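S.K.: return atomic coordinates for the entry below.
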Amino acid sequence: KKIEFSLTDLVGRRIACCLWGKFAESIHANCTAAGEETVICLLRFVKVGIYRDEVQISNSFDASQIFFNPPIVETEVFLKRDVASNALTKVESEQDKLEREIRRDKWRQYPIRDIAELLQSTQTEKCRIIGTIYAIDKDWGWYYFGCKACNKKVNKISKKVQIVNGNEITTHLWWCEKCEDKVTKVLPKFRVHVRVKDCTGEAYLMLLDWIAVEVIPENAAALLNGSFDELQDVEDFPVAINDLVGKTFMFGLHVESNNISSKGGMYKVGKVWKDLSMLLTGGSTTESWTQSDVGTTTLSGSQGSLLATESEANEDTAVTPSSKRKQQFNEGDHDISSTTKKQCARVFVKKEKTTNENSGSKKSG
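M.R.: This next block holds a predicted model:
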């Protein structure tokens with residue numbers, strides 16, 4: 001178990017803190033028990049390190065010590081601070097947390113492009129787009145089965161049904177290329193193909209399991225309800241997946257050589273931001289903002305914590321089991337760019353500072 005938070009001293013200086021194991025459990029238990037009351041935390045014998053260019057402290061196994069509301073002078077001073085000061089501290093802490101998440105997010109260094117610019121890419125790169133899902137490609141199904149040990153895709157070998165003590169027991173046997181062995185423990189995983197658009201064009205994206213689980217409210221296993229059968233009807237998609245249509249997200253994309261040669265094709269999604277309202281209205285106060293035409297629909301998500309996830313770059317391309325699946329999409333033969341342009345809605349998009357400007361603004365505390 002892990003918990004991340006900020007520690008504040010009497011003069012308002014803050015430092016990031018990450019605690020593991022029983023220390024994290026202790027923090028959680030004491031804060032829960034305190035309710036709305038202030039919790040004073042004293043840490044001794046901690047480990048100081050650098051994590052993503054930020055000083056951070058963490059516990060050093062059993063050597064560290066943690067005390068809550070210790071009987072010392074500093075505790076009394078903290079507790080005597082007025083309510084307004086405490087409220088301000090909480091607000092500032094949330095802002096610090098948001099800015100820290102933005103600094104830690106390596107995808108923030110990649111440019112935001114519209115889809116027309118994406119389709120005209122001439123070199124492999126990573127970039128971000130904001131687009132609305134307008135269709136789901138159901139020819140490819142929506143799931144595959146992955147090995148529980150290595151998470152790579154598996155192929156079904158056989159299915160055996162036995163009667164044990166009057167009960168019917170079904171055993172599935174699979175072959176894992178990664179493990180080079182027969183396996184029986186597998187998990188269904190998402191592999192969803194979607195078409196997105198903005199006011200400049202359309203793009204074809206693939207959301208692997210690590211991405212899809214953050215935008216689909218249920219996991220693949222729950223949607224299959226324990227079934228290990230292949231998808232028989234390509235039109236039979238769960239409501240939770242169909243509900244993606246009409247929603248707007250920011251996608252972090254990998255532009256690969258095949259995308260360049262085909263002027264499009266299928267783009268792999270490396271990250272997705274679910275709460276656009278926070279991305280487009282919050283963030284560091286040291287960065288400027290401009291208006292840009294980016295989409296035709298209302299942003300999805302509500303004010304709250306930033307939800308994002310990053311897919312594994314080395315995850316194998318998984319084939320969805322489906323007897324009715326069409327032949328593999330020929331990316332070179334299909335132009336998925338938009339033939340018409342629609343009137344765009346205005347939203348605010350963050351204009352990021354250059355690397356030199358960002359580096360110049362960092363100062364050691």
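S.K.: who's in contact with the residue nearest to V194 when sequence neighbours are not counted?
M.R.: Once flanking residues are discounted, V194 sits nearest to I133: 4.9 Å by CB to CB, 6 or more residues apart in numbering. Every C-beta, even on glycine, is put in place using the N, C-alpha and C of the backbone. Counting by CB atoms under 8 Å, 6 or more residues apart in numbering, I133 makes contact with V194, R195, V196, L244, V245, G246, K247, T248, F249.
S.K.: show me which of the residues you listed is closest to I157.
M.R.: Relative to I157, the closest of the contacts of I133 is V194; by CB to CB it sits at 31.2 Å.
S.K.: wait, what's in contact with the closest one?
M.R.: V194 touches I133, A135, I136, D137, Y204, L205, L207, L244, counting by CB under 8 Å, 6+ apart.
S.K.: what's the neighbour count on the fifth one?
M.R.: The number of residues packed around Y204, counting by other CB atoms under 10 Å, is 19.
S.K.: and for H193?
M.R.: H193: 19 neighbours (other CB under 10 Å).
S.K.: what is the mean pLDDT for stretch 185-195?
M.R.: Over the span of stretch 185-195, the pLDDT mean works out to 92.
S.K.: thinking again about what came up before, which one of the contacts of I133 is nearest to I27?
M.R.: F249 (32.6 Å).
S.K.: the one helix or strand K160 maps to: which residues count as buried?
M.R.: Following DSSP states H and E, one finds K160 within strand 154-164. Within strand 154-164, the residues scored as buried using 16 or more other CB atoms under 10 Å are V154.
S.K.: lowest-confidence helix or strand of this structure?
M.R.: Lowest on mean pLDDT, DSSP states H and E among the helices and strands of the chain sits strand 288-295, with a mean of 35.
S.K.: ok, what's across the strand from the residue nearest to S60 when sequence neighbours are not counted?
M.R.: Excluding its sequence neighbours, the residue lying closest to S60 (CB to CB, 6+ apart) is K47, at 4.2 Å. The bridge-partner assignment for K47, based on DSSP bridges, gives S58.
S.K.: now swap in the one 4 residues further on and tell me
M.R.: Beta-bridge partners recorded for Y51 (DSSP bridges): E54.
S.K.: the strand or helix carrying G131: which residues count as buried?
M.R.: G131 is part of strand 125-136, with elements assigned from DSSP H and E. For strand 125-136, the neighbour count (16+ other CB under 10 Å) marks E125, C127, R128, I129, I130, G131, T132, I133, Y134, I136 as buried.
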